[in-house]
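*Asks:* Predicted model follows, preceded by the sequence.
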Amino acid sequence: MTEQTKLTIKDFTSDQEVRWCPGCGDYAILKCMQRTLPEMGATLENTVFVSGIGCSSRFPYYMNTYGFHTIHGRAPAIATGLKLANPDLDVWVITGDGDGLSIGGNHTMHMLRRNVDLNILLFNNKIYGLTKGQYSPTTEVGHLSPSTPFGSVDPSLNPISFALGSGARFVARTVDTAQKHMPGVFMAAKEFKGASFVEILQNCIVYNDDAWSDITEKKAAPEKQLLLEHGEKMIFGAERNKGIVFDLAEFRLKVVNIGEDGVTEDDILTHDEKNHGMARLLAELGAGDGEPVAMGVLYNSPAETSYEKAVHAQVDYLASGSKRTLKDIVYGGQTWTVE
Amino acid sequence: MSSDIQVLESAVVRFAGDSGDGMQLTGSQFTTSTALSGSDLATFPDFPAEIRAPAGTTFGVSAFQINFGAKKIKTVGDAPDVLVAMNPAALKVNLATLRPGGMIVVDTGSFTKRNLQKAGYDANPLEDGSLEHYQLVELDATKMTVEAVKDFGLGNKEALRCKNMWTLGLMLWMFSRNRAPIIDWLKAKFAKLPDIADANIAALNAGHAFGETAELHSSIKRYTIGATKQEPGIYKTVTGSESLSWGLVAGSQLANLQIVLGSYPITPASPVLHTLSKMKELGVVTFQAEDEIAAICAALGAAYGGALGITSSSGPGIALKTEALGLAISTELPLVVVNVQRGGPSTGMPTKTEQSDLYQAIYGRNGDAPLPVISTRSPADCFEVAIEACRLATKYMTPVILLSDGFIANAAEPWKLPDMDALEPFPAKFVEEIGEDGFNPYKRDEETLARNWAVPGTPGAMHRIGGIEKSYDTGHISYDPANHQKMTDTRAAKVAGIAHDIPLQDVDQGAKSGKLAVVGWGSTYGPISEAVKAARAEGKDVSHIHIRYLNPMPSNMADLLAGFDHILVPEMNTGQLKTVLRDRYLVDATPLNKVSGQPFKITEIQAAINAALGEEG
Ligand SMILES: Cc1ncc(C[n+]2csc(CCOP(=O)(O)OP(=O)(O)O)c2C)c(N)n1
Ligand code: SF4
Ligand SMILES: [Mg+2]
């Protein structure tokens, strides 16, 4: 028996020079992917990265796999067609907050709704990086940018809520710098059969530096991030003395201090990644004062099948039940013969 | 009795009624019987854009025209000889099309005060003498239908639904057509509702019997039209939508590729989506996308994955696909884009025909973005053209635009069925083995300039492609100025080179040089052909050239056009082919344009031929 040579990070790295700004959060995501794919048992030839347009969408060029750098916003549609042609491929869609939620929002929504079996990674830097810093659909109100010199006035979109609202059955969040957290999220996404949506909080050092630092800063992180684990209590804080409970009166999640006002660990919610209602509440967590942002797998509830599988199952079923050929169809119906 | 039957060479009948009157069914069943009798024919449904327009209104009128004859029929006929008007609105809308002295068959039962009002008549046209120059046949089809079906226990509404079959029965009698195929069809259609089937058959028979007895009073004449001399073979009537869809499937089979259609519903292209969606038993994959952009993108994604990607739409949808077409050109992936044209701009006239997307097809993209454009001339022609589009797309690794139009899509004509086993295969070639120096996705075939096609899943051929300019030598991203020049030139040369892989332009009728060439493309084929035939019968020096390959054009086109003193270009647009011909060949092409949403009349083209020749003398 010949021993299968295990692929390494080197095998997944292409010979192309990486052209992101020094210090861009995209580097860390790229490295993590190149490092994690071999661990997931991925093969070079069966892996495809499909992206739109943006800094983030340059990603496929740096992977020594198959890659398609397409047009702005349309990667989900192209990836859907690719999966229809070959359901066996491992397809990763790489997109940005502008690419996937602005120009391509419609395609992202429908790809999630259809539950195409692929993984979508949305690099959210809350800015249009490639076009030099205009505000994006995830930018907070009041942001100053070249196109909003007096501050943006339109409310922003929460990508996780958008994905859940679109019918996504796997939704997760991670951070570019979280080299320990990200691989697990990638693995869970790949494992999931259906459309897995991952929001990656990514820092654009040039046009929106520190956009996430109040959450991702080493010191702030324990207080500002709720690291979710299926079946585990929703406890966070440097002292691990804070937890999440459900406030029925206000119908929302609420932060409590364990050991204060008679609150014990037993009162804290346990994360159930199959619970859609809880996922929707977790998605919005972080908006209020003192609330942490939910990280990890918020929702993971596989369906029986995925879109491309269902399409092919129907085709196969009809094809196996029929002996008709194209000739039969062309020559069918009412014909007449001229001698 | 048969001696009273007048023999005609051809006739044009137009069935018109309210959308709810079932005129399309009546027309198509009349067509079936006519086709089975061996007459040649051409049909065209002319229906309103509104799905359920208020009953009795002029904008709710639906019509179906058939031209049939013992000679070769190439158009649906300039002016009907017979107009069947099921209500006042149908009469009002269609009277102008009738030939002077033509026959009008009306259902007097529907000429009520209210219906006259709805149609906008101040006085009843049946009574005010306004129709005295026509042969008016008045009969109360409403009453006679109700009478004919009274034994079947139908409600009044259901009974009245049989009125179209009563009328059909009468028309079948009038033109000596056979009822049997329609009876068979009714029995099959209403297999689960035998009462409805029987009522319809009774109505059909009653209409026919009415003709027989009316003949005794000699108030209605009876005609017959013989069979055409057709080439031996098996025939059936097809619409352009059907034969185009079948051609696409045939093309994918000949290319040995999985077919993946991405489409979004739009009139008049939807029937292609519907037809292909019904063909899953042949392994056809169809995808109704969220919009036209997603539709073409999915088709392109499928092509990237090694399938034959197809997308179908009409003008407004093609506009949305433009950016992705550029990506297909840049990544050099095979794709077939079907444009079933309709009246524009914008939403324009969705149910009316036009050929005004030629500029869009040839020029309508950002950057220098050439691609092959081919067109179909008739419903039966679609099959072969669709196969050809698939061949060019896969052989040259390029998107191909196939131009059809609303007329071709909906019209029907007899089609001599092709020998399916004799179709020439053109299996697609994938990269399977990687050479010593690794894999270059942009390595080209020396002859066709088509690039390598390696699909994801192929070991060793991993590569990245995209819309950014690529190095000619490696396929990697390149912003090098000289390389962009070279790549732009190469893309153009690849498409231009197709001129040597397509048939030389032939002359459909007439000499290869002379005084006047009438040059057309697409669905103007029928009227141009008839007009040129008539002119030639009068001894005029006229030829007909009909172009299938619009980009690139056949290599002999320049010489061919140079052989004529005058060039007349009839088009259902404001002169798009005319511009292309002038640009490419510096010829003084004269336009003849019509954008009324209706096909050309033969007489309109004849007049232009006379004018063109007259100027010379
Ligand atoms: C049709 C089209 N419109 C606009 C652009 C310009 N454009 C390129 S990337 C981009 C925004 C990218 O933002 P995002 O998706 O957030 O990616 P990032 O660069 O931040 O990673 C825009 C507007 C384009 N390439 N194509
Ligand atoms: S502009 Fe921002 S997102 Fe783009 S590469 Fe530079 S740092 Fe990264
Ligand atoms: Mg961004």
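*Replies:* Arrived safely, thanks for sending. Ligands and ions are numbered 1, 2, ... in the order given.
*Asks:* Count residues in the vicinity of the closest residue to residue B:431 other than its chain neighbours, would you?
*Replies:* Take residue B:431 and drop its neighbours on the chain: the residue closest to it by Cβ to Cβ, 6 or more residues apart in numbering or on different chains is residue B:454, 3.8 Å away. The C-beta positions use only the backbone N, C-alpha and C, and glycine is treated the same way. Residues within reach of residue B:454, counting by other Cβ atoms under 10 Å in any protein chain shown, total 23.
*Asks:* swap in the one 4 residues further on?
*Replies:* Neighbours of residue B:458 under the rule other Cβ under 10 Å: 20.
*Asks:* distance of the residue in the stretch 201-350 of chain B positioned nearest to ligand 1 from residue A:61?
*Replies:* Ligand 1 sits closest to residue B:323 of the stretch 201-350 of chain B, with a gap of 6.0 Å, by Cβ to the nearest ligand atom. Distance of residue B:323 to residue A:61, computed by Cβ to Cβ, to the nearest Å: 20 Å.
*Asks:* any chance you could map the strands in the stretch 1-150 of chain A?
*Replies:* A:47-51, A:66-69, A:90-96, A:119-124 (DSSP state E, counting those that start in this stretch).
*Asks:* what packs against the shortest one?
*Replies:* Okay, so that is strand A:66-69. strand A:47-51, helix A:75-85, strand B:464-466 (3 or more Cβ pairs under 8 Å, 6 or more residues apart in numbering or on different chains; DSSP states H and E).
*Asks:* Residue B:323 and residue A:61: who's more crowded?
*Replies:* residue A:61 (21 against 18).
*Asks:* In contact with the more buried one, which residues?
*Replies:* Residues counted as contacts of residue A:61 (Cβ atoms under 8 Å, 6 or more residues apart in numbering or on different chains) are A:14, A:16, A:67, A:69, B:464, B:466, B:477.
*Asks:* for the third one, which residues make a bridge with it?
*Replies:* Pointing back at residue A:67 there. Residue A:67 has these beta-bridge partners by DSSP bridges: residue A:49, residue B:464.
*Asks:* need the contact list for residue B:593.
*Replies:* Counting by Cβ under 8 Å, 6+ apart, residue B:593 makes contact with B:570, B:571, B:572, B:573, B:574, B:575.
*Asks:* Please indicate which of these has the highest neighbour count?
*Replies:* Using other Cβ under 10 Å as the neighbour criterion, residue B:572 leads these with 26 neighbours.
*Asks:* Pull the contacting residues for the residue nearest to that residue when sequence neighbours are not counted.
*Replies:* Sequence neighbours aside, residue B:355 is the residue nearest to residue B:572 in space, at 4.6 Å (criterion: Cβ to Cβ, 6+ apart). Residue B:355 sits next to B:341, B:403, B:405, B:521, B:522, B:523, B:524, B:571, B:572, B:573, B:576 when contact means Cβ under 8 Å, 6+ apart.
*Asks:* Ok, residue B:490 next?
*Replies:* Residue B:490 makes contacts with B:444, B:449, B:472, as judged by Cβ under 8 Å, 6+ apart.
*Asks:* Just want the phi and psi numbers for it.
*Replies:* phi -70, psi -40 (degrees, to the nearest 10).
*Asks:* pLDDT at it, what is it?
*Replies:* pLDDT recorded at residue B:490 is 98.
*Asks:* cool, and the one 4 residues further on?
*Replies:* At residue B:494, the predicted lDDT confidence score is 98.
*Asks:* if I read this right, it contacts residue B:449, doesn't it?
*Replies:* Yes - Residue B:494 is within contact range of residue B:449, at 3.9 Å (criterion: Cβ atoms under 8 Å).
*Asks:* Now for the two: what residues contact both?
*Replies:* residue B:396.
*Asks:* In terms of helices and strands, where is the residue of the stretch 201-339 of chain A found nearest ligand 1?
*Replies:* Among the residues of the stretch 201-339 of chain A, residue A:204 lies closest to ligand 1, at 6.2 Å counting by Cβ to the nearest ligand atom. According to DSSP states H and E, residue A:204 maps onto no helix or strand at all.
*Asks:* so how many other residues sit close to it?
*Replies:* 28.
*Asks:* Not counting its neighbours along the chain, what's nearest it?
*Replies:* residue A:125 (3.9 Å).
*Asks:* again with residue B:208
*Replies:* Nearest non-adjacent residue to residue B:208, counting by Cβ to Cβ, 6+ apart: residue B:169, 4.0 Å away.
*Asks:* dump the residue contacts of the one you found.
*Replies:* Taking Cβ under 8 Å, 6+ apart, one finds B:179, B:203, B:204, B:205, B:206, B:207, B:208, B:209, B:210, B:211 in contact with residue B:169.
*Asks:* In strands only, show me these.
*Replies:* Assigned to strands by DSSP state E, none of these qualify.
*Asks:* I'd like to know how far residue B:91 sits from ligand 3.
*Replies:* 63 Å (Cβ to the ion, to the nearest Å).
*Asks:* isn't that residue right up against residue B:106?
*Replies:* Yes - shown here, residue B:91 and residue B:106 form a contact pair, counting by Cβ under 8 Å, at 6.4 Å.
*Asks:* Neighbour count for the two, which is higher?
*Replies:* Higher neighbour count among residue B:91 and residue B:106: residue B:91, with 28 against 24, using other Cβ under 10 Å.
*Asks:* Just give me the residue closest to the centre of the chain.
*Replies:* Defaulting to chain A. Per Cα atoms, centre = their mean, the C-alpha nearest to the average position across chain A is that of residue A:198, at 2.0 Å.
*Asks:* my bad, the chain I had in mind was chain B
*Replies:* Using Cα atoms, centre = their mean, the most central residue of chain B is residue B:408, at 0.9 Å.
*Asks:* which residue sits farthest out from the middle of chain B?
*Replies:* Farthest-from-centroid check, chain B (Cα atoms, centre = their mean): residue B:436, 50.6 Å.
*Asks:* and that residue, how far is that from residue B:460?
*Replies:* Taken as Cβ to Cβ, the span from residue B:436 to residue B:460 is 11 Å.
*Asks:* which residues do residue B:91 and residue B:106 both contact?
*Replies:* residue B:85.
*Asks:* just checking, what packs against the host helix or strand of the residue of the stretch 201-350 of chain B closest to ligand 1?
*Replies:* Element membership of residue B:323, judged by DSSP H and E, is helix B:315-331. Where contact means 3+ Cβ pairs under 8 Å, 6+ apart, helix B:315-331 is packed against helix B:292-304, strand B:308-313, strand B:335-341, helix B:358-363, strand B:399-405, strand B:464-466.
*Asks:* can you tell me which residues contact the nearest residue to residue B:233 once chain neighbours are set aside?
*Replies:* Once flanking residues are discounted, residue B:233 sits nearest to residue B:416: 4.4 Å by Cβ to Cβ, 6+ apart. Residue B:416 makes contact with B:230, B:231, B:233, B:234, B:235, B:380, according to Cβ under 8 Å, 6+ apart.
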